[in-house]
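> coordinates for the following, if possible.
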Amino acid sequence: MVCADGCIHRVFPILATFIGDHPEQCLVACCTENRCPKCLVPANQRGANVQFPRRNQTQTTQTLHAQATEQYPPEFIAEGLCPVFSPFWAELPHTDIFLCITSDILHQLHQGIIKDHL
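Below you'll find the predicted structure:
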C-alpha cells in the first residue's frame, strides 16, 4: 500500500467489526432475516431469556459448501441459512464474522424513536 509519504508498505488488514442494520447482518451471516445473525436461536424463540450456542464460522462454511454441492445437509434448514455459497469472510485469516457483528445503534434508535428509516 502506498502511504501519504509515498513509501510502499505491506499491510495486513484484519476485519474487527461489522456494523449494519439487521437485514445486512443477516446477509453477511448467510442466514434468513427471521434468525439471529450471531447465534442459533430458533426463529420462534427469539426474545426468550435463554442462552443459545453461537454460530460457528467453520461449521457454517462447511454447511454452505455441502448445500452448494447438492448434499442438502439438515443443518442448512435447522440453522436458518440462506444460499450464499461464497461469503467474503470465508477465507479471511484471524476473523470470526459472527463475533464481528455489532449493533447499528444509530439506525435502531432513530427507527425506534422516530419510526423512520435514515
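
> quick one: the helices in the chain, in order.
If you assign secondary structure with DSSP state H, the helices in the chain sit at 22-29, 57-68, 74-78, 97-100, 105-114.

> so where's the chain uncertain?
Across the chain, the stretches falling below the confidence threshold (pLDDT under 70) are 107, 110-118.

> pull up the distance across stretch 85-96, start to finish.
Looking at stretch 85-96, the gap from its leading to its trailing residue is 17 Å under the measure Cα to Cα, to the nearest Å.

> how about stretch 2-11?
Across stretch 2-11, the terminal residues are separated by 10 Å (Cα to Cα).

> same question for stretch 66-80.
Stretch 66-80 stretches 15 Å from its first residue to its last (Cα to Cα).

> for it, give me every contacting residue.
Counting by Cβ atoms under 8 Å, 6 or more residues apart in numbering, stretch 66-80 makes contact with 31-32, 34-35, 40, 42-43, 55, 59-60, 63-64, 81, 83, 85, all of which sit outside it. C-beta: built from backbone N, CA, C; applies to glycine.
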